[in-house]
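S.K.: predicted model, plus sequence, below.
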Amino acid sequence: MNLQLPYCFCFFLLLQLPFSTNGQAYKNVSLGSSLTAASGDLPWTSPSGEFAFGFQQVGDAGYLLAIWFYKIPERTIVWSADRNNLVQSGSTVQLTADGQLVLNYQSGTQIWTTPELGGSGAAYGAMLDTGNFVLAGQAGANLWQSFDQPTDTLLPTQNLNPGGELIAPYLEKNYLDGRFKLILQRDGNLVMYTIAYPLTASNAYWSTGTRGSGHQLIFNQSGLMYLVATNGTILEHVFSNQVSLQDFYLRATIDYDGVFRQYVYPKTASGGNMNWTTLPNSIPSNICLGSKTLVGSGVCGFNSYCTIGDDRRPSCSCLPGYTFLNQNDVRKGCKQMFISQDCSHPSQETDSFEIKDMLNTNFQHNDYEVLNSVDEDWCRQSCLSDCYCAVATFMDRQCWKKRGPLSNGVTDPIIIDKALMKVRKGNHTEELPQKKSAKKRDPSALIVTGSVLLGSSIFLIVLSLLGIYVFFTRRNRQKQKLIPQHHVMRDMNLQNFTYNELETATGGFDEELGRGAFGPVYKGVLGGEDKQIIAVKRHHVLDFAQEGLRHMLSFFLFFSMFTSSK
């Protein structure tokens, strides 16, 4: 129901909202001032020291140009510039002489800047006690402010205008743009979307339903947050938690899990636990039930299911027979760890599968067949004998058969469906990687296999050459032992000489007469009275074997050293 604000209260709002930043004490940042990441430079702080502007380190990944709560140990970030591009040590931010705020890499390359301000530009910058960093002109009017470019957080006195949006971080400590968005659309509707897909109505998981009437989302100094029309009428109360800003720090943040929450932190130890505490009535109250998309995986990714804990935060788990794709990012979903049913012979494999019951569980928008007026046992058998069926849900004599990958998995007491998960019996998970390797071979396995085959081939070649070498060596020795000296056979047409005799006769194979197909021909002189001149043809069979053996052994040694270094 719409509520009409009292006229005096409307007037009070008009006074406060446009000029709330101008009524504060400024701690000016002069033109030409700069900060350098990891240099020890102190940040630019607000007058009270509650907020700071500068570089904050994000783990080992780099630095964010950010605004954060300066007096609490957590140093919680409430705003950042270009959070998808972390900078490294040595990067700078400068308030230039022409009044622009510019962020540069260490190399000097510009990666972010405030828009052109026109006129004479900003005269100075200031970090305000509201958490707003402003660039102001000579007359003190704000020409640019961080409140107009929020990231994932709103602070008291910070309002969201048409087109303004908050984007959740990717993970709790990963500040990249995440999977969820809160936006005040230009048609006046305040909507929460999943942003893994194009923004369409089917991916909205919460809205105020104020299309055509919403004008501004106000977050006042009392902690109240509400959507108003152009005439000041409250259209929707978003948060109704009243908080004393004198005693508590307050923020409203869309978290990485897609929930819009209000947090408080006591300014003194007497205020309670010194940590961020979630206030009641987060939006949506149950993200597992609230976020179900026609396209996409749901809150927890494919083949997983979402449950809400006592702290009202979602928890993601894998289905039986599945495991997380990434243990460090469970919202990426799960992969199947067993071999699917063979559709060529589904009836033969029925006995290889069983049903695991999951109470109060459903997977919306995965149905490919609905069977009416059946009992639970019939539903089980139908899924077991159907190779396309990954799970069947049963309720009130109705059986919904669903194929994978499964999306929008939820387990919650409010759900009366029973999920009948089909999994392969026994421990068959080890068979799956072998089946996949047939389709896409592991490069390291190919290298090892090739190395073994090539090494074996080289070894056989070396062994063959070694055999040839041994054969000719032994044959030569046998000839030396069995054949008589040439002077005994001097009167015969054929004479046999030892290698040493021929080497002596040719002077060590010194004078080459010519060259044939199997080796060179040398001039020689036989000893004796007649000094008979002879021609000696030297065959290179043994030389070839010896040289080949040396080359192959060298190559084999090099190959062994190369493959062992892999």
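M.R.: Noted; the coordinates are in hand.

S.K.: tell me how far the nearest residue to residue 266 once chain neighbours are set aside lies from residue 224.
M.R.: Excluding its sequence neighbours, the residue lying closest to residue 266 (CB to CB, 6 or more residues apart in numbering) is residue 272, at 4.9 Å. All C-beta spots, glycine's among them, are computed from the backbone N, C-alpha and C. Residue 272 sits 21 Å away from residue 224, going by CB to CB, to the nearest Å.

S.K.: of these two, which one has the most company?
M.R.: Set side by side, residue 272 and residue 224 show more neighbours around residue 224, with 17 against 13, by other CB atoms under 10 Å.

S.K.: my read is that that one contacts residue 236, right?
M.R.: No - look at residue 224 against residue 236 with CB atoms under 8 Å: they stay out of range, at 11.8 Å.

S.K.: what's the pLDDT at the residue nearest to residue 266?
M.R.: pLDDT, the model's per-residue confidence, is 73 for residue 272.

S.K.: surely it touches residue 247?
M.R.: No - applying CB under 8 Å, one finds residue 272 not in contact with residue 247, separated by 9.4 Å.

S.K.: can you list residues touching both of those two?
M.R.: Common contacts of residue 272 and residue 247 (CB atoms under 8 Å, 6 or more residues apart in numbering): residue 266.

S.K.: quick check: domain ranges of the protein?
M.R.: Here the chain is described, according to automatic domain parsing, as comprising the domains 1-149, 178-285, 301-436, 444-564.

S.K.: could I get those in CSV, plus columns for distance to residue 172?
M.R.: Formatted as CSV, the domains of the chain follow (distance: least, CB to CB, whole Å):
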stretch, distance to residue 172
domain 1-149, 11
domain 178-285, 6
domain 301-436, 11
domain 444-564, 35
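
S.K.: and those domains: which comes nearest residue 161?
M.R.: Taking CB to CB, domain 178-285 is the member of the domains of the chain nearest to residue 161, at 5.8 Å.

S.K.: end to end on the closest one, go ahead and measure it.
M.R.: In domain 178-285, first residue to last residue: 20 Å (CA to CA, to the nearest Å).

S.K.: look at residue 368 and say how many residues are nearby.
M.R.: 11.

S.K.: got it, and residue 172?
M.R.: When neighbours are counted by other CB under 10 Å, residue 172 registers 9.

S.K.: before we move on, what about residue 136?
M.R.: Neighbour count of residue 136, defined by other CB under 10 Å: 21.

S.K.: look up how far residue 115 lies from it.
M.R.: Separation of residue 136 from residue 115 (CB to CB): 15 Å.

S.K.: what does residue 59 give?
M.R.: Between residue 59 and residue 115 the computed distance is 30 Å (CB to CB).

S.K.: next: residue 49.
M.R.: Residue 49 is 29 Å from residue 115, by CB to CB.

S.K.: ok, now residue 181?
M.R.: On the measure of CB to CB, residue 181 and residue 115 end up 22 Å apart.

S.K.: comparing these two, which residue is more hemmed in?
M.R.: Higher neighbour count among residue 181 and residue 115: residue 181, with 21 against 10, using other CB under 10 Å.

S.K.: that one against residue 152, yeah?
M.R.: No - using CB under 8 Å, residue 181 makes no contact with residue 152, being 9.6 Å away.

S.K.: which neighbours do these two have in common?
M.R.: By CB under 8 Å, 6+ apart, the residues touching both residue 181 and residue 152 are 166-168, 254.

S.K.: now go through those residues and say which are in strands.
M.R.: Counting by DSSP state E, the part of these found in strands is 166-168, 254.

S.K.: filter these down to the buried ones and hand me the PyMOL line.
M.R.: Of those, the buried ones go into a single PyMOL selection, burial set by 16 or more other CB atoms under 10 Å:
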select buried, resi 166+167+168+254
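
S.K.: still on that earlier bit, so which of the shared contacts of residue 181 and residue 152 comes closest to residue 188?
M.R.: Nearest to residue 188 among the shared contacts of residue 181 and residue 152, counting by CB to CB, is residue 166 at 17.1 Å.

S.K.: could you measure from that closest one over to residue 364?
M.R.: From residue 166 to residue 364 the distance is 26 Å (CB to CB).

S.K.: one more: residue 171?
M.R.: 25 Å.

S.K.: now residue 393
M.R.: Per CB to CB, residue 393 is found 9 Å from residue 364.

S.K.: need the pLDDT of residue 132.
M.R.: Reported pLDDT for residue 132: 98.

S.K.: how many neighbours does residue 403 have?
M.R.: 15.

S.K.: surely it and residue 388 touch.
M.R.: Yes - the pair formed by residue 403 and residue 388 meets the contact definition of CB under 8 Å, at 5.0 Å.

S.K.: who touches residue 52 in this structure?
M.R.: With CB under 8 Å, 6+ apart, residue 52 has these contacts: 43-46, 67-68, 70, 127.

S.K.: looks to me like residue 461 is in a strand.
M.R.: No - using DSSP: H, G, I helix; E, B strand; the rest coil, the assignment for residue 461 is helix, not a strand.

S.K.: ok, the closest residue to residue 340 other than its chain neighbours to residue 94 distance?
M.R.: What sits nearest to residue 340 in space, not counting adjacent residues and going by CB to CB, 6+ apart, is residue 387, at 7.3 Å. Using CB to CB, one gets 64 Å for the distance from residue 387 to residue 94.

S.K.: before we move on, what about residue 235?
M.R.: To residue 94, residue 235 is 42 Å away according to CB to CB.

S.K.: could you do residue 403 as well?
M.R.: In terms of CB to CB, residue 403 sits 57 Å off from residue 94.

S.K.: what does residue 181 give?
M.R.: 31 Å.

S.K.: my read is residue 350 is in a helix, agree?
M.R.: Yes - under three-state DSSP, residue 350 sits within a helix.

S.K.: for burial, what's the neighbour tally of it?
M.R.: For residue 350, the neighbour count with other CB under 10 Å is 14.

S.K.: pLDDT wise, what is it at?
M.R.: For residue 350, the predicted pLDDT is 85.

S.K.: close enough to count as contact, residue 88 and residue 37?
M.R.: Yes - between residue 88 and residue 37 a contact is recorded at 7.0 Å, counting by CB under 8 Å.

S.K.: overlap of the contact sets of the two?
M.R.: Common contacts of residue 88 and residue 37, defined by CB under 8 Å, 6+ apart, comprise residue 63.

S.K.: and the longest strand for the protein?
M.R.: The chain, longest strand under DSSP E: strand 174-184.

S.K.: following it, which helix or strand comes up?
M.R.: For strand 174-184, the following helix or strand on the C-terminal side (DSSP states H and E) is strand 190-194.

S.K.: tell me what the helix or strand following that following strand is packed against?
M.R.: Downstream of strand 190-194, the next assigned helix or strand under DSSP H and E is strand 204-207. Counting contacts by 3 or more CB pairs under 8 Å, 6 or more residues apart in numbering; DSSP states H and E, strand 204-207 is packed against strand 190-194, helix 287-290.

S.K.: that'll do, ta.
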